[in-house]
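Participant: Pasting the sequence and the predicted model now:
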Amino acid sequence: MNRIWPRKIITPHVDLGVSLHVGVAVLRSTGAVLSEEVDGEQRTYHVSLPGYQMAIYERGGFVSSVWYDDPAGRLTSFGKRRKIKLYMDRFTKNGSWQLRINNGWMKFYFNHLDRVQLVYGLHMDVIRINSWAGDITEEEFKQRLERAKREREQETGNSD
């Protein structure tokens, strides 16, 4: 890992909107101890490794947010900007990113086509990527439920 100028990010990729089952499997694949926190209706799953920490947040059985504490590029401001661009590229499918809110402590970038928000603080270090899952249509929600069911069936080898 390059703490000055990262060429790539080494953290595992968890797509927003995948079933919680798939997101937890990605975290488990790191070999780290998986911790679960429940705060009201919000469930969070977290792993901590020597090279990074990451967490996924659940809403309605799906991954709604991914949080990264990734030291890549941490030693220089241009390295941090490079890391942010790499994460933006990772979560871009169709759209582009626009800075919409800068309150002096946090910067909020939005990608309206992909319905994704990327947030980071003044220190440009820890990054959280959020889905706009509340904006999905009923049909898209049904498709996600079916996809989650198929994923679970493939994992367990069962099909009803």
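Facilitator: Looks like it came in fine.
Participant: all strands for this structure, in order.
Facilitator: Counting by DSSP state E, one finds strands in the chain at the ranges 35-39, 42-48, 53-59, 62-69, 98-102, 106-111, 116-121, 127-131.
Participant: can you list those in a markdown table and add distance to residue 147, mean neighbour count and mean pLDDT?
Facilitator: For the C-beta atoms, the positions are set from N, CA and C on the backbone; glycine is no exception. Below are these laid out as a markdown table (distance: least, Cβ to Cβ, whole Å; neighbours: other Cβ atoms under 10 Å; pLDDT from 0 to 100):
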| stretch | distance to residue 147 | mean neighbour count | mean pLDDT |
| --- | --- | --- | --- |
| strand 35-39 | 23 | 10 | 94 |
| strand 42-48 | 20 | 17 | 95 |
| strand 53-59 | 16 | 20 | 95 |
| strand 62-69 | 10 | 22 | 95 |
| strand 98-102 | 29 | 11 | 92 |
| strand 106-111 | 22 | 17 | 92 |
| strand 116-121 | 18 | 19 | 94 |
| strand 127-131 | 15 | 21 | 95 |
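Participant: do you know which of those lies nearest residue 149?
Facilitator: Relative to residue 149, the nearest member of those by Cβ to Cβ is strand 62-69, separated by 12.4 Å.
Participant: before we move on, the earlier item: redo the strands of the chain as TSV? Include distance to residue 90.
Facilitator: Shown next, in TSV, are these (distance: least, Cβ to Cβ, whole Å):
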stretch	distance to residue 90
strand 35-39	24
strand 42-48	18
strand 53-59	12
strand 62-69	10
strand 98-102	17
strand 106-111	12
strand 116-121	10
strand 127-131	8
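Participant: So which of those is nearest residue 26?
Facilitator: That would be strand 53-59 among these, by Cβ to Cβ, at 8.0 Å.
Participant: hmm, back to that, so which of the strands of the chain gets nearest residue 20?
Facilitator: That would be strand 53-59 among the strands of the chain, by Cβ to Cβ, at 4.9 Å.
Participant: No further queries at this time; thank you.
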